[in-house]
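1. Got a sequence here, can you model it:
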Amino acid sequence: MYVPGLFGSGLMDDLFDGFMPTPEDYSRSGNRQMKMKSDLRELADGYELTLQLPGFKKEDIKAELKKGYLTVSATHRADEDKKEGRYVWKESYSGEYIRSFYVGEDLKQDDIKAKFVNGEVVIWIPKKEARKQEEPETFINID
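-> Here you go, the predicted structure:
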């Protein structure tokens with residue numbers, strides 16, 4: 001079974017993510033950006049990808065398959081202008097989460113199934129056999 005790059009370039013890539021903040025971890029407003037937490041489970045006939053998005057609504061989440069990449073994005077906007085008073089302390093995040101996974105170019109949009117339950121997006125990705133590369137004929141014409 002072949003799903004190239006589903007784990008990235010190595011299993012340990014995300015080991016120290018978030019340990020020390022980098023400049024990329026901050027938005028233009030100076031707030032620390034949050035990363036969508038994900039779990040990937042291999043099943044007999046596919047993979048189950050679970051992305052944690054607590055506090056988001058179903059209509060705020062989009063999933064797209066393009067050029068072999070499955071991209072999930074979620075936008076959250078604080079309703080600050082609807083509430084009275086001012087914040088003295090605010091740790092809630094307002095912005096956009098985006099995660100992309102390379103799942104291979106053999107998959108079609110209809111192959112992938114997704115559902116949103118209790119603050120989690122659960123995506124099922126089928127396993128596909130890798131297409132064999134057809135070797136071009138390399139015969140030399142003999143006169």
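
2. got a pLDDT number for the closest residue to Leu65 other than its chain neighbours?
-> Distances taken as C-beta to C-beta, 6 or more residues apart in numbering place Gln109 nearest to Leu65, at 5.0 Å, with adjacent residues excluded. In this view, the C-beta of every residue, glycine as well, is placed from N, C-alpha and C. On pLDDT, Gln109 comes in at 91.

3. Name whatever forms a beta bridge with Leu40.
-> For Leu40, the beta-bridge partners under DSSP bridges are Leu49.

4. again but with Lys115, I slipped
-> Applying DSSP bridges, one finds that Lys115 bridges with Val122.

5. Kindly provide the distance from it to Ile61.
-> Here the criterion is C-beta to C-beta, to the nearest Å. By it, Lys115 lies 11 Å from Ile61.

6. And the two? Which one has more around it.
-> Each of Lys115 and Ile61 has its neighbours counted (other C-beta atoms under 10 Å); Ile61 has more, 18 against 10.

7. give the contact list for the more buried one.
-> When contacts are counted by C-beta atoms under 8 Å, 6 or more residues apart in numbering, Ile61 touches Leu53, Val72, Ser73, Ala74, Phe116, Val121.

8. if I look at Lys115 and Ile61, which residues touch both of them?
-> Counting by C-beta under 8 Å, 6+ apart, the residues touching both Lys115 and Ile61 are Val121.

9. out of the contacts of Ile61, which are buried?
-> Leu53, Val72, Ala74, Phe116, Val121 (16 or more other C-beta atoms under 10 Å).

10. how close does the first one get to Ser94?
-> Meaning Leu53. 14 Å.

11. again, but for the third one
-> In this view, Ala74 and Ser94 are 12 Å apart by C-beta to C-beta.
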